[in-house]
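1. quick one, fold the following:
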Amino acid sequence: MTDSVESQAQSTEPQSARGRARLQRMLAAAAELFLRDGYDKTSIDAILVLSGGSKATLYAYFPTKEDLFRAVLDSVMINNGQPTLDIRRDVREMLTEFAVDRLHVIFSTHHRAVLRLIIAERERFPDLARLYHERGPQRSHKLLAEYLIALKNVDLLDVDDPEEAAEFFTGMLVHKWYKELLMLGAPTPSNSALQERADHVVRRFLEAFHRRTH
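-> Numbering: from 1, shown residues only. Below you'll find the predicted structure:
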């Protein structure tokens, strides 16, 4: 399913700089309205009014509203960058930076809107939900697990199961706030609260998995 979304985006890429700029305006307008109003309440006419484009141009790129929606979600998810975990740096410092970065991404206004839209349209677009999971939570988990494997290999952490340890780390970091976000629509924690949470989780994690001497 991922390949079909990406191949569609490639096939609709205009050749001229003017055409690419026009396409980006339409995608930006569609993203703004889809994320704000949802799929059903967003009309093609509203997207055209906001972008200043024409139906002929839009339909040349995206024959259906579904095609446009897939391109928009593909675009917003591909821009979700990942931090770097460098084994040469101090472990506490590196894990704390990673935790703070993940918290800022997860609880950002933009990500909250993307997540609401993914959940709302999961049954209609299950492939997009899978793509979100692969590019977001799964990719982040894999990055952390590979870092923990590297730390284990150089005897910096005593981690028997890096995959499980990565799951524990992420669970401690986001579980409570994530439940409140999804079920209660809780506001985004302050920057100081995010930093405090990251510091606390990293401290407890390293206490649990510090290298033991025998």
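2. give the next helix or strand downstream of the helix ranked longest in the chain.
-> Longest helix in the chain, counting residues (DSSP state H): helix 162-184. Next helix or strand after helix 162-184 toward the C-terminus (DSSP states H and E): helix 191-209.
3. from memory Val91 sits against Ala150, does it?
-> No: Val91 lies out of contact with Ala150 (CB atoms under 8 Å); the separation is 10.4 Å. The C-beta positions use only the backbone N, C-alpha and C, and glycine is treated the same way.
4. how far does the longest helix of the chain sit from the chain's center?
-> 15 Å (CA atoms, centre = their mean, to the nearest Å).
5. nearest spatial neighbour of Arg112, chain-adjacent residues omitted?
-> For Arg112, ignoring the flanking residues on the chain, the nearest one in space by CB to CB, 6 or more residues apart in numbering is Leu181 at 6.9 Å.
6. my guess is the one you found meets Ser108, correct?
-> No: between Leu181 and Ser108 there is no contact under CB under 8 Å: 11.3 Å.
7. output the below-cut-off pLDDT ranges for this structure.
-> Low-confidence segments of the chain (pLDDT under 70): 1-14, 78-82, 211-214.
8. where along it do the strands fall?
-> Counting by DSSP state E, the chain forms no strands at all.
9. middle-most residue in it, spatially?
-> Central residue of the chain (CA atoms, centre = their mean): Gly136, 4.1 Å from the mean position.
10. tell me the domain ranges of the protein?
-> Listed by automatic domain parsing, the domain ranges of the chain are 2-73, 80-209.
11. chain center to the first one: distance?
-> Put plainly, it is domain 2-73. Averaging C-alpha positions (CA atoms, centre = their mean) puts domain 2-73 20 Å from its chain's average.
12. do the last one as well
-> Counting by CA atoms, centre = their mean, domain 80-209 is centred 10 Å from the centre of its parent chain.
13. please name the nearest non-neighbouring residue to Glu32.
-> Excluding its sequence neighbours, the residue lying closest to Glu32 (CB to CB, 6+ apart) is Leu50, at 6.9 Å.
14. so the one you found is in contact with Ala31, correct?
-> No: look at Leu50 against Ala31 with CB under 8 Å: they stay out of range, at 10.4 Å.
15. of the two, which one has the most company?
-> Neighbours were counted for Leu50 and for Ala31 using other CB atoms under 10 Å; Ala31 has more, 22 against 15.
16. from Asp86, how far off is Lys152?
-> From Lys152 across to Asp86, the span is 16 Å (CB to CB, to the nearest Å).
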